[in-house]
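Engineer: This is the structure alone, sequence omitted:
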């Protein structure tokens, strides 16, 4: 299995946290064609680009997925389901709404499995978090989800939760951490949704001006 986008950035990682970047792999949930998780190789490509996996681990998972495609399909389906759970959770937080109890329950059901593989590793005089791989299916191919779920738990329990935003574009479901100086960022980027909104406002002003002059 060849990793999609290997050596070439495939995903825009501008959300400010791995869990938000993962939710953003589907940019406009009204259009299926904007979903970038079309295959298990895409999940690996995301994890590799976001530096959630070591290159050797990504290659090993790719080989396992190629040998057992039914397990890869199941892992991809689970990843896409959890991505939507995370999107709904963070979208609710961004809108200052209580998340659905069912989404929080599904997140909590997935979290223990991920954290059970987290270990402290000695690195010289320091310590670092590491993920202990597993060989038994289907957990083996779920490895890319573990750091994403941990990122989500860390963000939801941090003060930065207050700065989660959802793009104000009418056809964009992009999530991001607003780290602007005055916390007034509205768009995923000015180059895309920001410019479209600006152009729409300009069009409507000209249209209204034209009507008034008649």
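Structural biologist: Structure's in. What do you need? Please read all numbers here as calculations on a predicted model, not as lab measurements. Numbering: from 1, shown residues only.

Engineer: Give me the distance from the longest helix along the chain to the chain's centre.
Structural biologist: What stands out as the longest helix in the chain, according to DSSP state H, is helix 69-94. Distance of helix 69-94 from its chain centroid, counting by Cα atoms, centre = their mean, to the nearest Å, is 9 Å.

Engineer: which residues does residue 98 contact?
Structural biologist: Shown in contact with residue 98 (Cβ atoms under 8 Å, 6 or more residues apart in numbering): residue 92. Where you see a C-beta, it was placed from the backbone N, CA and C, and this is true even at glycine.

Engineer: measure it to residue 88 for me?
Structural biologist: 12 Å (Cβ to Cβ, to the nearest Å).

Engineer: Would you confirm that residue 153 contacts residue 111?
Structural biologist: Yes - with contact defined as Cβ atoms under 8 Å, residue 153 counts as touching residue 111 (6.0 Å).

Engineer: Flag the helix or strand of this structure with the lowest per-element mean pLDDT.
Structural biologist: Ranked by mean pLDDT, DSSP states H and E, the weakest helix or strand in the chain is helix 195-212, scoring a mean of 46.

Engineer: For the residue nearest to residue 120 when sequence neighbours are not counted, which residues count as its bridge partners?
Structural biologist: In this structure, residue 120 finds its nearest non-sequential neighbour in residue 127, 5.1 Å apart by Cβ to Cβ, 6 or more residues apart in numbering. Taking DSSP bridges as the rule, residue 127 bridges to residue 122.

Engineer: pLDDT score assigned to residue 127?
Structural biologist: pLDDT, residue 127: 93.

Engineer: Also residue 46?
Structural biologist: 97.

Engineer: List the buried residues for the strand or helix carrying residue 66?
Structural biologist: Assigned by DSSP states H and E, residue 66 falls within helix 55-67. Neighbour counts over helix 55-67 (16 or more other Cβ atoms under 10 Å) mark 57, 58, 59, 61, 62, 64, 65 as buried.

Engineer: what do you get for stretch 33-44?
Structural biologist: Result for stretch 33-44 [16+ other Cβ under 10 Å]: buried residues 36, 37, 39, 40, 41, 42, 43, 44.

Engineer: what does it rub up against?
Structural biologist: Outside of stretch 33-44, the residues within contact range by Cβ under 8 Å, 6+ apart are 1-5, 10-11, 25-28, 46, 53, 58, 61-62, 65, 72-73, 75-76, 79-80, 83, 141, 144.

Engineer: how long is that stretch from one end to the other?
Structural biologist: Using Cα to Cα, to the nearest Å, the end-to-end distance of stretch 33-44 comes out at 19 Å.

Engineer: my guess is residue 172 contacts residue 29, does it?
Structural biologist: No - here residue 172 does not reach residue 29: they are 9.4 Å apart, not a contact under Cβ under 8 Å.

Engineer: who has more neighbours, the two?
Structural biologist: residue 172 (22 against 14; other Cβ atoms under 10 Å).

Engineer: Return the residues in contact with the more buried one.
Structural biologist: When contacts are counted by Cβ under 8 Å, 6+ apart, residue 172 is found next to 27, 28, 188, 192, 193.

Engineer: out of those, which is most surrounded?
Structural biologist: Highest neighbour count within the contacts of residue 172, by other Cβ under 10 Å: residue 188, with 24 neighbours.
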